[in-house]
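In: Provided below for reference: sequence and predicted model.
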Amino acid sequence: QPPKLKIFPKPTGDFLLPADPSTPLILIGPGTGVAPFMGFVSHRQGQIAATQAAHAAKTSVEGTWRGGYDLEEDEVPVSKKDGKGLNLGVDFQDGQNVGEIDLYFGCRYQDHDWLYRDEMLQFEKEGTLANLNTAFSREGADKTYVQTKLKENGDRVRSMILDQKASVYVCGDGNAMAKDVQKALVEILSESLEGDNKLAQGEAQLSAMKASNKFVMDIWS
């Protein structure tokens, strides 16, 4: 008799992609926490592909026919690659307002802990992921985590949040990782502030992001 598996669905009303595809995303999901973000990135890729196809069809109908059936190379905005390797993200973002996606993933060893490795690398190659940041905590002399990578990219993270109004998502361990990520983000945000109490101001900024669903977590202990 096959074993029985109990499933406990956890509904969510806020751990969802922004309705506006122009919103940049910072996705932080070490370990199994990256799983929902593969769906996020796939959905954004689908949005890009659908809009790109509609734009190409509109261009073909409205402005490419010249009395024959030969199209010039630049008349239909399709990828330079064939259908198996379309540069969907890069091609579409060149001419449209689509928010970039930075993904932060971490695990112990890349050889046997890197979940969705092929998918991530393919998303990066196609341009759907603007930046893939990986942290392998047991492969160097110093332990490197996703919060380490966030700090290393502090200028970009701060610009995406403050200037580009990016939405930030965190998924995974709630005991240590989520707390460390929030601490790192507060430090990053505080770098642009002035005064004697910059960290408190940074915490206030992060709290405001939570209140407006610009910073969303799905964590567990």
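Out: Received, thanks. Since this is a predicted model, take the numbers as computed values, not measurements. Numbers count the residues shown, from 1 in each chain.

In: in the helix or strand harbouring Gln205, what counts as buried?
Out: Assessed by DSSP states H and E, Gln205 sits inside helix 198-211. Under the neighbour-count criterion of 16 or more other Cβ atoms under 10 Å, helix 198-211 has Lys198, Gln201, Gly202, Glu203, Gln205, Leu206, Met209 buried. In short, each C-beta sits where N, CA and C put it, glycine included.

In: can I get those in CSV with distance to Gln164?
Out: What follows is the buried residues of helix 198-211, written out as CSV (distance: Cβ to Cβ, whole Å):
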residue, distance to Gln164
Lys198, 22
Gln201, 20
Gly202, 18
Glu203, 21
Gln205, 15
Leu206, 17
Met209, 13
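
In: and the nearest residue to Glu203 once chain neighbours are set aside, what pLDDT?
Out: Leaving out its chain neighbours, the residue that sits closest to Glu203 by Cβ to Cβ, 6 or more residues apart in numbering is Val186, at 5.2 Å. pLDDT, Val186: 98.

In: list the buried residues for the helix or strand containing Val186?
Out: Using DSSP H and E, Val186 sits within helix 177-190. For helix 177-190, the neighbour count (16+ other Cβ under 10 Å) marks 177-178, 180-190 as buried.

In: again with stretch 154-161
Out: Residues Gly154, Arg156, Val157, Arg158, Met160, Ile161 are the ones in stretch 154-161 that count as buried (16+ other Cβ under 10 Å).

In: outside of that stretch, which residues touch it?
Out: Stretch 154-161 has contacts (Cβ atoms under 8 Å, 6 or more residues apart in numbering) with 24, 26, 100, 102, 131, 150, 166, 168, 185, 187-189, 191-192, 209, 214.

In: show me the two of those that sit farthest apart.
Out: Maximum pairwise distance in these, criterion Cβ to Cβ, is 22.4 Å, between Glu100 and Glu187.

In: okay, and the beta partners of the residue nearest the centre of the chain?
Out: Nearest to the mean C-alpha position of the chain, by Cα atoms, centre = their mean, lies Ile101 at 3.6 Å. Under the criterion DSSP bridges, Ile101 forms beta bridges with Leu25.
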